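>>> Quick one, fold the following:
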Amino acid sequence: MTDSNLPSVQLAHAITSQIEQLRQHLAQAPPHEAAQILATVLDYDTGLLGEVTDLVSTGSRFAKVHSERGVLPPEVWLALGRAANELNDVGADLHEHTGTIKQVAAPTPPASRPATMPVASAMVIRRRR
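The predicted model follows:
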């Protein structure tokens, strides 16, 4: 059983709670805001998905050491390693689409009026009545 008084376990609980709050914001956000949230989460270099992938990869290394010592079954190490690899693959696939998502997130410039009134072209022929 985990010791919920450890600062690291409290941090894990706090992050989990914040991710739940973020999920709720995403579900209710207007399109441009939802796109901003997704673009931030899916940014593989600085976003949540990359960090979670690194966290699972770190867990896999932990499990490897402890499975070699006989503390954990090797299946735990293999499962964490597979999860880290699959998250990495998913992140790479989604990385291709973050640019498109960021375009939706970008605010659209307000429609501007031309600085000058349009001038009739020489091609316009006036009829006399």
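>>> Leaving out chain neighbours, which residue sits closest to residue 22?
Once flanking residues are discounted, residue 22 sits nearest to residue 37: 6.8 Å by Cβ to Cβ, 6 or more residues apart in numbering. Every residue, glycine included, has its C-beta placed from N, CA and C.
>>> and that neighbour, what element?
Residue 37 is located in helix 31-42, with elements delineated by DSSP states H and E.
>>> and that helix, how far from the chain's centre?
Here helix 31-42 is found 7 Å from its chain centre; the criterion is Cα atoms, centre = their mean, to the nearest Å.
>>> ok, now stretch 52-69?
On Cα atoms, centre = their mean, the centre of stretch 52-69 falls 23 Å from that of its chain.
>>> now it: mean pLDDT?
Here stretch 52-69 scores 97 as its mean pLDDT.
>>> Identify each buried residue in that stretch, please.
Across stretch 52-69, burial judged by 16 or more other Cβ atoms under 10 Å covers 52, 53, 56, 57, 59, 60, 63, 64, 67.
>>> Can you pull the poorly scored residue ranges out of this protein?
1-2, 108-129 (pLDDT under 70).
>>> Go again with 80.
1-3, 107-129 (pLDDT under 80).
>>> Could you pull out the helices in it for me?
Applying DSSP state H to the chain gives helices spanning 7-28, 31-42, 48-68, 74-95, 98-105.
>>> Report the separation between the spatially closest residue to residue 29 that is not a sequence neighbour and residue 66.
Counting by Cβ to Cβ, 6+ apart, residue 29 lies nearest to residue 37, which is 6.3 Å off, once chain neighbours are set aside. Distance from residue 37 to residue 66, counting by Cβ to Cβ, to the nearest Å: 36 Å.
>>> and if you look at residue 96?
Taking Cβ to Cβ, one finds residue 96 at 36 Å from residue 66.
>>> same deal with residue 87?
For residue 87, the distance to residue 66 - Cβ to Cβ - is 21 Å.
>>> How about residue 33?
The gap separating residue 33 from residue 66 is 42 Å, by Cβ to Cβ.
>>> could I have the helix holding residue 37 exported to PDB, CA atoms only?
What follows is helix 31-42, C-alpha atoms only, in PDB (Å, rounded to 0.1, in the frame of the first residue of the first chain):
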ATOM      1  CA  PRO A  31     -13.300  25.400 -30.400                       C
ATOM      2  CA  HIS A  32     -10.400  27.900 -30.400                       C
ATOM      3  CA  GLU A  33      -9.700  27.300 -26.600                       C
ATOM      4  CA  ALA A  34     -10.000  23.500 -26.900                       C
ATOM      5  CA  ALA A  35      -7.500  23.600 -29.800                       C
ATOM      6  CA  GLN A  36      -5.100  25.700 -27.600                       C
ATOM      7  CA  ILE A  37      -5.500  23.100 -24.800                       C
ATOM      8  CA  LEU A  38      -4.900  20.200 -27.200                       C
ATOM      9  CA  ALA A  39      -1.900  21.900 -28.900                       C
ATOM     10  CA  THR A  40      -0.300  22.500 -25.500                       C
ATOM     11  CA  VAL A  41      -1.000  18.900 -24.200                       C
ATOM     12  CA  LEU A  42       0.100  17.200 -27.400                       C
END
